[in-house]
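> Sequence and predicted structure are below.
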Amino acid sequence: KQEVTQIPAALSVPEGENLVLNCSFTDSAIYNLQWFRQDPGKGLTSLLLIQSSQREQTSGRLNASLDKSSGRSTLYIAASQPGDSATYLCAVPRENYGQNFVFGPGTRLSVLP
Amino acid sequence: ETGVTQTPRHLVMGMTNKKSLKCEQHLGHNAMYWYKQSAKKPLELMFVYSLEERVENNSVPSRFSPECPNSSHLFLHLHTLQPEDSALYLCASSRELRLERTGELFFGEGSRLTVL
């Protein structure tokens, strides 16, 4: 059974700091891993999708890495801004069928001006 | 305009009411999903539809009834709900269902449901 954990649960940093969010999963036989952002009371916005054959993906100030063998992914945010404040979730497929992603509990990020 | 639109954004209903949540995707995707997000719990998959056919029902109580009339629209019909059903209900879509072709999940803004 696939289980996803994220640490830390919450993080508060001053503006401009670089930071790393962690995601761990128990079953390394995954096709891909996706990182999302969720603002309070809103839906999820896809940030990055990493295929199992890739080691990292970059979009602007965001960089996500994937280490399947160790069951880990990291989301690196460079030069953080107050607008980055949100909850960040990672998700991996539950089984080798369908799009039933298992979501982590999320990391709540606060970037202080 | 987002690719996935949900209405209503907020809904308050009594336990004896019947209401429906609507989701529409403008992305040309073939798979659509209903997720439930309760306070302090990870997202839970409720239903999956691929090309208008339900392919997964994740042990959801019968008081939740999905309907997918076409690949662009998805409904969640609600009746005789319980207060513990209060949550944010999220609709999502993806290009296809097969994992190796699926690509990304795209979510709507959600419908915040409160059951009194």
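Received the coordinates, thanks. Note that the structure is a prediction, hence the values are computed from the model and not measured.

> which parts of chain B sit against chain A?
Chain B has residues B:2, B:4, B:6, B:31, B:33, B:42-43, B:45, B:48, B:55-56, B:58, B:88, B:90, B:92, B:94, B:97, B:99-100, B:102-110, B:112 near chain A, with proximity defined as Cβ under 8 Å from any Cβ of the partner chain. Backbone N, C-alpha and C define where each C-beta goes, glycine included.

> Just the buried residues of the residues you listed.
Buried by 16 or more other Cβ atoms under 10 Å in any protein chain shown: B:4, B:6, B:31, B:33, B:42-43, B:45, B:48, B:56, B:88, B:90, B:92, B:94, B:97, B:99, B:102-110, B:112, out of these.

> Low-confidence ranges, chain B, go.
Low-confidence segments of chain B (pLDDT under 70): B:1-2, B:98-103.

> Which neighbouring elements make contact with the helix or strand encompassing residue A:88?
Residue A:88 is located in strand A:86-93, with elements delineated by DSSP states H and E. Here strand A:86-93 touches strand A:4-7, strand A:19-25, strand A:32-38, strand A:72-77, strand A:101-103, strand A:107-112, going by 3 or more Cβ pairs under 8 Å, 6 or more residues apart in numbering or on different chains; DSSP states H and E.

> residue closest to the middle of chain B?
Residue closest to the average C-alpha location in chain B (Cα atoms, centre = their mean): residue B:34, at 2.7 Å.

> Adjacent strands (with direction) for whatever helix or strand it lives in?
Using DSSP H and E, residue B:34 sits in strand B:31-37. When pairing is defined by DSSP bridges, strand B:31-37 lines up against strand B:44-50 (antiparallel), strand B:87-94 (antiparallel).

> how about the CA coordinates for the longest one, as PDB?
So the one you mean is strand B:87-94. In PDB, the C-alpha atoms belonging to strand B:87-94 read as follows (Å, rounded to 0.1, in the frame of the first residue of the first chain):
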ATOM      1  CA  ALA B  87     -15.700  19.200   3.300                       C
ATOM      2  CA  LEU B  88     -14.100  20.800   0.300                       C
ATOM      3  CA  TYR B  89     -15.100  18.700  -2.800                       C
ATOM      4  CA  LEU B  90     -12.600  19.000  -5.600                       C
ATOM      5  CA  CYS B  91     -13.000  18.000  -9.200                       C
ATOM      6  CA  ALA B  92     -10.000  17.100 -11.300                       C
ATOM      7  CA  SER B  93      -9.300  16.000 -14.900                       C
ATOM      8  CA  SER B  94      -6.400  14.400 -16.800                       C
END
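
> Could you pull out the strands in chain B for me?
Along chain B, the segments classed as strands by DSSP state E run B:4-7, B:10-13, B:18-25, B:31-37, B:44-50, B:53-57, B:64-70, B:73-79, B:87-94, B:106-107, B:111-115.

> Now render those as a markdown table, adding distance to residue A:68.
Converted to a markdown table, these look like this (distance: least, Cβ to Cβ, whole Å):
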| stretch | distance to residue A:68 |
| --- | --- |
| strand B:4-7 | 29 |
| strand B:10-13 | 40 |
| strand B:18-25 | 30 |
| strand B:31-37 | 24 |
| strand B:44-50 | 23 |
| strand B:53-57 | 25 |
| strand B:64-70 | 33 |
| strand B:73-79 | 32 |
| strand B:87-94 | 21 |
| strand B:106-107 | 24 |
| strand B:111-115 | 35 |
